[in-house]
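**Student:** can you look at this prediction? I've put the sequence above it.
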Amino acid sequence: MKEEDDIQGSGVYASEVIDFVRSANDYCSWLEQPHESGLEFIQSSLPLLSRVYYQIVSVEPPEPVMESGNEKFVTEQEWSAVFQRVLQLLGKHNEYLRIAEEDEYDRSDLVTHNISEDLADIYQDLKDFTLQYRQGIEEIMNDAVWEVIDNFENFWGEKLLYALRALHGLYVAKTDPTAGDGTPGEMDVEEQGPTYDNSFFTRLQDLNEEDI
C-alpha cells in the first residue's frame with residue numbers, strides 16, 4: 001500500500017501533505033537555530049509563517065483512524081526554551097495588542113499578548129507533528145495530519161495570524177530590537193512574563209488523552 005500511495009501521491013504521501021511537512025520542518029528548525037539579530041529574525045519570520053499558513057490550508061483533512069491521539073514529544077522545557085529565545089531577540093517589541101476574545105475575563109477591548117508565546121505554541125504543535133509523521137507508520141501519519149489541522153483550526157491558527165501581523169508591523173517600521181541599548185532583546189526580569197504557557201500546553205495534553 002505504501003508503494004502504491006508513493007506512486008500516486010495520495011493519502012499521507014500527497015504532494016500537499018509533503019509540502020506542509022517541509023514547511024513545518026523549516027519552521028521548527030528556524031526557531032531552534034541561533035539568529036544574528038532581532039532584525040534578521042523579524043525579516044526571516046514573515047515568509048516562514050506565511051508558508052506554514054498557506055501549506056496547511058492546502059491540505060485536505062483526513063478522517064482519524066486510531067482510537068486515541070498520537071504520542072507527544074515536546075516538553076515544557078523545550079517550549080520554554082523557544083519562548084525565551086524569541087523574547088530575548090525581540091525584547092520590548094515582543095508585546096502587541098489584540099482584541100479580547102469572548103471567553104477572556106479582561107473587560108477591555110484590547111489585551112496585551114506576546115509574539116514569543118504565539119511562536120512557541122505553534123512550534124509545540126508542529127514539532128510534535130513532524131516527529132509523529134517521521135515514524136513512517138501510515139496510521140500514525142494519518143492521525144498526525146488530522147490532529148495538526150484540528151489544532152490549527154481550533155487553537156493556533158489565529159495565533160499565527162496575530163504574530164504575523166505584529167511581526168509585519170515591526171518589519172515595515174524597520175524595527176531593530178537591539179537599537180539603542182547594545183544588548184539583544186534585553187528586558188528586566190519583571191517584564192519577561194511567564195516562561196511557560198500552561199493553558200495551551202495543558203489543553204493539548206488533555207485533548208490527546210480523550211478518545212477521538
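**Tutor:** Nice, I can see it. Quantities reported herein were computed from a predicted structural model and do not represent experimental measurements. Residues are numbered from 1 along each chain as shown.
**Student:** CA only for contacts and neighbour counts going forward, please
**Tutor:** Fine.
**Student:** for residue 122, which residues are in contact?
**Tutor:** 156, 159, 160 (Cα atoms under 8 Å, 6 or more residues apart in numbering).
**Student:** quick one: pLDDT of the second one?
**Tutor:** pLDDT, residue 159: 96.
**Student:** closest one of the contacts of residue 122 to residue 34?
**Tutor:** residue 160 (21.0 Å; Cα to Cα).
**Student:** contacting residues for the closest one?
**Tutor:** 49, 53, 118, 119, 122.
**Student:** make sure it is indeed in a helix.
**Tutor:** Yes - Residue 160: assigned to a helix according to DSSP: H, G, I helix; E, B strand; the rest coil.
**Student:** how much space separates it from residue 30?
**Tutor:** Residue 160 is 15 Å from residue 30, where distance means Cα to Cα, to the nearest Å.
**Student:** mind checking the SS state of the residue nearest the centre of the chain?
**Tutor:** In the chain, the centroid-proximal residue (Cα atoms, centre = their mean) is residue 122; its distance is 1.3 Å. Secondary structure assignment for residue 122 (three-state DSSP): helix.
**Student:** with the one 5 residues further on instead?
**Tutor:** Residue 127 falls in the helix class when you classify it by three-state DSSP.
**Student:** again, but for residue 98
**Tutor:** Secondary structure, three-state DSSP: residue 98 is strand.
**Student:** so what's the residue count around it?
**Tutor:** By the criterion of other Cα atoms under 10 Å, residue 98 has 14 neighbours.
**Student:** right, and it touches residue 114 too?
**Tutor:** No - applying Cα atoms under 8 Å as the test, residue 98 and residue 114 come out as separate, 9.6 Å apart.
**Student:** ok so, going back, which one of the contacts of residue 160 is nearest residue 70?
**Tutor:** Using Cα to Cα, those come closest to residue 70 at residue 122, 17.1 Å.
**Student:** low-confidence stretches in the chain?
**Tutor:** 1-8, 100-108, 180-212 (pLDDT under 70).
**Student:** quick one: the helices in it, in order.
**Tutor:** In the chain, the helices defined using DSSP state H lie at 2-8, 15-32, 38-57, 76-90, 115-133, 138-151, 157-172, 198-209.
**Student:** starting at the chain centroid, how far to stretch 46-64?
**Tutor:** The chain centroid and the centroid of stretch 46-64 are separated by 12 Å under Cα atoms, centre = their mean, to the nearest Å.
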